[in-house]
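*Asks:* below is the structure, and that's it, no one-letter string:
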């Protein structure tokens, strides 16, 4: 399967290929699409490649926004062939920069990039990857030779790549995920319509969590917090938005704590701005994180936020300044923080306003894309000084 726009790659610009496992609803994928749309087109001709088919709507968007969009049709049992096909694609496109995202694309992309002799190879490290075993770590040390820069979305990921994986400091950079504040604030429905969809009253208090339904998000902690909150706030309601392998575990927790009428798991959604607008508090109960795009979206929407002291969350949220932070895995602490916001709506508004300013000033996708572009140019200048000067 191959989709390609009619646009041609212009001369004088660096040819950039962004590589992902597949296109779908997720923080990393959202970040990649933001880069496709926001990298300076006067400097870069940006193409996109997915190893596997993804969501059709996202692929149509990619074909529309990128210089070219390709799906390789990857299968694990034909891994060597996939590497060869990707290397051939890189040669045909005469790409100057290969930028890989997420583990599968990171590994395959860097091998293929080395074979194709792409001048600049970059990865973005979206997670801690503490699951990596000794063979994985050995592979990372080997791939480090074929990697010019590993962009880390949080400062703690920088330290993990340095200490645990042995990546040299000059091959690491902290550049966070970005958010488009205007898009997040572009709503269609009001709170009444959102609440009615789930059979709730418009005046009920709504908690919102958005992210992959996986163990790292610790949604059972949120379920328990809701069970604590219902004693003082019988109108509390909660949406956990996202897909993942832990949905049944969350349903079991909802049944165990007896909060079924107060909670809903609607799966993946494309109306996140509407849900954020309807929410009274955005909650993140993760025990492991990079820097979640959903958190940045909540900040940009001016929401009162309760999060955990993990990963890159403290890079974005300062406790008591633009949100409230609690220890991971502590349902009682989560409930206390939410109660504090319910009891003092003015505090929530103050924190939300500060969060929106932080998102605008430090995490705007335009600023993030500019920093990524500057990294491309600096790395390419090191490899090809004459061409970079003329670009």
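*Replies:* Yep, it's here. The structure presented is a predicted model; accordingly, all values stated were derived computationally and were not measured. Numbers count the residues shown, from 1 in each chain.

*Asks:* direction included, what does the helix or strand residue 239 falls within pair up with?
*Replies:* Assigned by DSSP states H and E, residue 239 belongs to strand 236-241. Using DSSP bridges, strand 236-241 pairs in its sheet with strand 205-210 (parallel), strand 263-267 (parallel).

*Asks:* now residue 43: phi and psi?
*Replies:* Here is the backbone geometry of residue 43 (degrees, to the nearest 10): phi -110, psi -30.

*Asks:* settle this for me: residue 375 is touching residue 171, isn't it.
*Replies:* No: between residue 375 and residue 171 there is no contact under Cβ atoms under 8 Å: 11.3 Å. C-beta: built from backbone N, CA, C; applies to glycine.

*Asks:* who has more neighbours, the two?
*Replies:* With neighbours defined as other Cβ atoms under 10 Å, residue 375 and residue 171 compare such that residue 375 has more, 19 against 15.

*Asks:* hey, where'd the helices end up in the stretch 51-200 of the chain?
*Replies:* 56-65, 79-93, 103-116, 134-143, 155-163, 181-184, 191-197 (DSSP state H, counting those that start in this stretch).

*Asks:* contacts only, for the residue nearest to residue 169 when sequence neighbours are not counted.
*Replies:* In space, and not counting its chain neighbours, residue 169 is closest to residue 162: 6.1 Å by Cβ to Cβ, 6 or more residues apart in numbering. Each residue near residue 162 by Cβ atoms under 8 Å, 6 or more residues apart in numbering is listed here: 168, 169, 172.

*Asks:* how much space between the second one and residue 158?
*Replies:* Taking Cβ to Cβ, to the nearest Å as the measure, residue 169 falls 9 Å from residue 158.

*Asks:* cool, and the first one?
*Replies:* Here residue 168 is placed at a distance of 12 Å from residue 158 (Cβ to Cβ).

*Asks:* out of the helices of the stretch 51-200 of the chain, the one nearest residue 383 is which?
*Replies:* The closest of these to residue 383 is helix 103-116. By Cβ to Cβ, the value is 12.5 Å.

*Asks:* just how off-centre is the closest one within its chain?
*Replies:* Taking Cα atoms, centre = their mean, to the nearest Å, the mean C-alpha location of helix 103-116 is offset from the chain mean by 21 Å.

*Asks:* likewise for stretch 350-358?
*Replies:* 20 Å.

*Asks:* residues contacting that stretch, please?
*Replies:* Contact with stretch 350-358 is made by 181, 298-305, 316-317, 320-324, 341, as judged by Cβ under 8 Å, 6+ apart.

*Asks:* just checking, which of those belong to helices?
*Replies:* The helices, defined by DSSP state H, take in 181, 298, 299, 300, 316, 341 from these.

*Asks:* who wins for neighbours among these?
*Replies:* Going by other Cβ under 10 Å, residue 298 tops the ones in helices among the contacts of stretch 350-358 with 33 neighbours.

*Asks:* quick one, what contacts that residue?
*Replies:* By Cβ under 8 Å, 6+ apart, the residues touching residue 298 are 208, 210, 276, 279, 282, 305, 355.

*Asks:* repeat the analysis, applying 10 Å as the threshold.
*Replies:* Residue 298 makes contacts with 179, 184, 208-210, 272, 276, 279, 281-284, 292, 304-305, 307, 316-317, 323, 352, 355-356, 359, as judged by Cβ atoms under 10 Å, 6 or more residues apart in numbering.

*Asks:* please check the residues you listed and keep the buried ones.
*Replies:* In the contacts of residue 298, burial by neighbour count holds for 179, 184, 208-210, 272, 276, 279, 281-284, 292, 304-305, 307, 316-317, 323, 352, 355-356, 359, counting by 16 or more other Cβ atoms under 10 Å.

*Asks:* tell me the SS of residue 307?
*Replies:* State at residue 307, reduced to three classes by DSSP: H, G, I helix; E, B strand; the rest coil: strand.

*Asks:* wait, isn't it in contact with residue 296?
*Replies:* No: using Cβ atoms under 10 Å, residue 307 is not in contact with residue 296; the gap is 11.5 Å.

*Asks:* quick check: neighbours shared by the two?
*Replies:* Shared contacts of residue 307 and residue 296 (Cβ under 10 Å, 6+ apart): residue 316.

*Asks:* which neighbours do residue 375 and residue 171 have in common?
*Replies:* Taking Cβ under 10 Å, 6+ apart as the contact rule, residue 375 and residue 171 both touch 122, 148, 149.

*Asks:* can you name the residues that contact the residue nearest to the last one when sequence neighbours are not counted?
*Replies:* Nearest in space to residue 149, with sequence neighbours left out and distances taken as Cβ to Cβ, 6+ apart, is residue 122 at 4.8 Å. Residue 122 is in contact with 16, 18, 97-101, 109-110, 113, 147-151, 171, 173, 372, 375-376, 379, counting by Cβ under 10 Å, 6+ apart.

*Asks:* I'd like to know how far residue 216 sits from residue 303.
*Replies:* The value you get for residue 216 to residue 303, if Cβ to Cβ is used, is 21 Å.

*Asks:* in terms of neighbours, single out the busier of those two.
*Replies:* Neighbour tally, residue 216 and residue 303, criterion other Cβ under 10 Å: the higher count belongs to residue 303, 25 against 20.

*Asks:* and the closest residue to the more buried one other than its chain neighbours, which of the three is it?
*Replies:* Excluding the flanking residues, the one nearest residue 303 by Cβ to Cβ, 6+ apart is residue 282, at 4.4 Å. Three-state call for residue 282 (three-state DSSP): strand.

*Asks:* many thanks, have a good one.
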